[in-house]
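**Q** whatever this is, show me its structure:
(one chain, ligands or ions: 1)
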Amino acid sequence: PIPLQHGAHRTGKRMDADMAKWRGYGLGQFIHWGLYSILEGKYKGKYYNGAAEWIRSWKEVPNAEYDVLNKQFNPATFNATAWAKMAKQMGVKYLTFTTKHHDGFCLWPSKYTDYTIESSPYKKDIVKEVVDAYTKEGIDVYLYFSIMDWHHPDWRYDLKTKEDSIAFDRFKLFTKNQLTELLQRYPQTKGLWFDGTWDNSWKKSGAFTDSLEQYLKSLVPGLIIGSRLRADEKGNRHVDANGVLMGDYEQGWERKIPKTYADVHGNDWDCVMTIPENGWGYAEKWMGHWKTTNELIEMTAQCVSLGGNFVVNFGPKADGSFRKEEIANAKEIGEWMKINSDAIYNCEYAGWEKQDWGYYTKKRGEDKVYMIVFNVPLSGSLKIKPSANYVVEKATLLEGKQQLSTEKLDYGASFIQLPKGKTFVKPFVIVLDIKPVK
Ligand SMILES: C#C[C@@H]1N[C@@H](C)[C@@H](O)[C@H]1O
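**A** Here you go, the predicted model:
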C-alpha cells in the first residue's frame with residue numbers, strides 16, 4: 001500500500017454501539033430549509049433549471065439580492081414539533097437537517113458570523129427547535145454542514161496564491177469554530193453530514209480534514225461522520241489512495257442506489273434521495289418525475305437489502321410548511337412502515353440470490369429473512385433460493401400471519417405459494433423462519 005499520513009485510520013466497519021444503531025436505522029429523513037426556500041426555484045417570473053437551493057449560483061440572480069434574503073426570512077408559524085410528529089408517523093429513525101447550506105446562512109445564532117438567523121425577523125434558534133423536537137420524538141438528529149460557504153470572504157475554491165492560503169487558513173479556523181459551536185450548543189447531535197467538500201481548496205487540505213475529524217470526535221466520542229469530510233494528502237476524497245474508505249460510512253450515494261452488494265465494498269452506507277428528480281430546497285415546480293410512495297418504499301427496500309439506509313429529502317416552504325405531495329408521501333410511507341417495518345429496522349444484506357419478485361432483508365442477529373414483494377408473478381409462486389447455509393422452516397405473511405405453503409424444487413430452490421384468489425395491491429412482506437445448516 002501507499003504510505004499515507006492522512007488516509008483512512010481504520011479498515012472495515014466501525015463496530016461500536018453508536019454505529020450499530022446507525023446501521024439499523026433503515027429509513028431516514030433529510031430536510032433542506034433556508035433562504036433559497038424563499039425564492040422557490042424561480043426569480044422574476046423565470047424558473048431556474050437547477051436544484052432550487054443552488055439558485056444563488058444562477059446568473060439571473062444578483063448575489064447582492066440573494067444575500068439580503070435574510071431580511072425576509074420569517075417563518076412565524078414554523079412548528080418543529082409538527083415536523084417531528086410527521087417524521088415519527090412516517091417511521092424515520094434519523095433526521096439530517098441543514099444548519100448551513102452553501103449560501104452561508106446559519107439557521108443557528110453563530111457567534112462567528114452575523115449572517116445568521118438572528119439577523120432575520122424570525123430571530124429564534126431554528127436548529128435548537130428542530131434538534132429538541134426530533135430528539136423528543138425519539139428520532140436521532142444529524143446536522144448537515146456545508147464546508148463551501150459562498151458568503152464568507154475567506155472561502156476559496158482553490159489555493160493558487162499566498163493570499164489564498166492565508167485567507168483559507170482563516171476560513172478553516174472559522175469552520176472549526178462553527179462546528180465546535182454546533183456540537184456544544186446541540187449535545188444531542190449524533191453526527192455531522194458534510195457537504196461542499198469537492199473543491200481543490202479542500203482537496204489540498206487533507207491534513208487539516210484529518211485533524212478536524214479527530215478533533216470533532218474528541219469533542220463528542222461516538223460522533224458519526226461520513227466519507228464526505230476527508231481528503232487524504234494526495235487529494236483523494238471518500239476513499240484514500242489505497243482505496244480505503246475515510247469516514248464511518250460511504251456518503252457518495254446521492255440520488256443513486258448501488259446495483260449490487262459488490263458496489264458497496266463492504267462499507268456502511270446510506271442513500272440520500274430527492275422526491276423529484278433533483279432539487280433539495282423548496283421549488284414551486286418540481287423537476288422531472290415525482291417519485292410515488294411505492295417507488296420510495298421500493299428504494300427503501302432496495303437500500304436495506306444491500307446493507308444501507310434510505311434517506312428521503314423534504315424541502316419545506318419558507319414558512320415551514322410542507323407541500324401536499326410530501327405530506328402524502330410521508331403519510332403513506334408511514335402506513336406501510338406501520339405494518340412492515342420489521343423487514344426494514346435492524347435488517348441487513350441476506351446474501352441470497354436476488355429474485356424478480358423483490359428484495360430480501362435479514363434481521364440482524366436472528367434466523368429471520370424477509371421477502372419484500374413488489375412484483376407478484378402470474379403463477380402466484382415466488383421462487384426462493386436460500387444461501388447454502390440455511391434451510392427455510394416456515395413462510396408466513398407478515399400482515400395477518402397466514403402461513404404459506406412451499407414446494408421444494410431442485411438446486412436448493414423452493415416455490416412459495418401465495419394464497420389463491422388473494423390480490424395484493426401494495427408491497428407486502430413474507431417472513432421466512434430459517435435454520436442454519438449444520
Ligand atoms: C450538490 C449538492 C448538494 N448536496 C445535496 C445533499 C444537496 O444539499 C445539494 O445542494
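
**Q** what about the spatially closest residue to Tyr349 that is not a sequence neighbour, how many neighbours?
**A** Of all residues not flanking Tyr349 in the chain, Gly307 sits nearest, at 4.0 Å (CB to CB, 6 or more residues apart in numbering). To be clear about C-beta, it is placed using only N, CA and C from the backbone, and glycine gets the same treatment. For Gly307, the count of nearby residues is 22 (other CB atoms under 10 Å).

**Q** can you check Lys13 too?
**A** 16.

**Q** the residue nearest to Tyr349 reaches Cys271, doesn't it?
**A** No. Taking contacts as CB atoms under 8 Å, Gly307 lies outside contact range of Cys271: 11.3 Å.

**Q** and the helices in the stretch 1-150 of the chain?
**A** Assigned by DSSP state H, counting those that start in this stretch, the stretch 1-150 of the chain shows helices spanning 17-23, 36-39, 63-67, 80-90, 126-136.

**Q** single out the most deeply packed of those helices.
**A** Most buried of these, by mean neighbour count (mean count of other CB atoms under 10 Å): helix 36-39, with a mean of 24.

**Q** got the CA coordinates for that one in PDB?
**A** The C-alpha atoms that make up helix 36-39 are tabulated as PDB, following Å, rounded to 0.1, in the frame of the first residue of the first chain:
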ATOM      1  CA  TYR A  36     -33.300  29.500  -1.000                       C
ATOM      2  CA  SER A  37     -36.700  28.400   0.200                       C
ATOM      3  CA  ILE A  38     -37.900  32.000  -0.200                       C
ATOM      4  CA  LEU A  39     -37.200  32.100  -4.000                       C
END
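
**Q** indicate which one of the helices of the stretch 1-150 of the chain is closest to Asp263.
**A** Asp263 lies closest, by CB to CB, to one member of these: helix 17-23, at 17.4 Å.

**Q** next, the residue nearest to Tyr349: phi, psi?
**A** phi 80, psi 10 (degrees, to the nearest 10).

**Q** any chance of the helices of the stretch 1-150 of the chain in a markdown table with distance to Gly196 as columns?
**A** Output for those, formatted as a markdown table (distance: least, CB to CB, whole Å):
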| stretch | distance to Gly196 |
| --- | --- |
| helix 17-23 | 22 |
| helix 36-39 | 14 |
| helix 63-67 | 17 |
| helix 80-90 | 24 |
| helix 126-136 | 18 |
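
**Q** next, format the ones you listed as a markdown table and append distance to Pro377 and mean pLDDT.
**A** Formatted as a markdown table, the helices of the stretch 1-150 of the chain follow (distance: least, CB to CB, whole Å; pLDDT from 0 to 100):
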| stretch | distance to Pro377 | mean pLDDT |
| --- | --- | --- |
| helix 17-23 | 32 | 98 |
| helix 36-39 | 45 | 98 |
| helix 63-67 | 53 | 98 |
| helix 80-90 | 30 | 98 |
| helix 126-136 | 41 | 99 |
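
**Q** show residues contacting the helix or strand that contains Cys271.
**A** Cys271 belongs to strand 269-273 when assigned by DSSP states H and E. By CB atoms under 8 Å, 6 or more residues apart in numbering, the residues outside strand 269-273 that reach it are 25, 28, 30, 96, 226, 249-258, 291, 296, 299, 303, 307-313.

**Q** narrow these to those in strands?
**A** In this view, those that belong to strands under DSSP state E are 28, 30, 96, 250-254, 309-313.

**Q** if we can go back for a sec, tell me the contacts of the residue nearest to Tyr349?
**A** Contacts of Gly307 by CB under 8 Å, 6+ apart are 261, 264, 268-269, 348-349.

**Q** just curious, which of the residues you listed is nearest to the ligand?
**A** If you rank the contacts of Gly307 by distance to the ligand using CB to the nearest ligand atom, Trp269 comes first, at 14.5 Å.

**Q** just give me the neighbour total for the closest residue to the closest one other than its chain neighbours.
**A** Closest residue in space to Trp269, ignoring its immediate chain neighbours: Glu250 at 3.9 Å, by CB to CB, 6+ apart. When neighbours are counted by other CB under 10 Å, Glu250 registers 24.

**Q** from memory Glu250 sits against Asp268, does it?
**A** Yes. In this structure, Glu250 is within contact of Asp268 by CB under 8 Å, at 6.9 Å.

**Q** what does the pLDDT read for the residue nearest to Cys303 when sequence neighbours are not counted?
**A** Leaving aside its sequence neighbours, Cys303 sits nearest to Phe310 (CB to CB, 6+ apart; 4.0 Å). Per-residue pLDDT puts Phe310 at 99.

**Q** so whatever residue of the chain ends up closest to the ligand: helix, strand or coil?
**A** Per CB to the nearest ligand atom, Trp280 is where the chain lies closest to the ligand, at 4.3 Å. Under DSSP: H, G, I helix; E, B strand; the rest coil, Trp280 falls in the coil class.

**Q** any chance you could map the strands in the stretch 251-400 of the chain?
**A** 269-273, 309-314, 347-348, 358-363, 368-373, 381-384, 390-397 (DSSP state E, counting those that start in this stretch).

**Q** ok, Trp352 - contacts?
**A** 360, 369, 384-387.

**Q** how about Ile372, nearest residue that isn't a chain neighbour?
**A** Ala301 (4.2 Å).

**Q** just give me the neighbour total for that neighbour.
**A** Count around Ala301 with other CB under 10 Å applied: 27.

**Q** sounds good, over and out.
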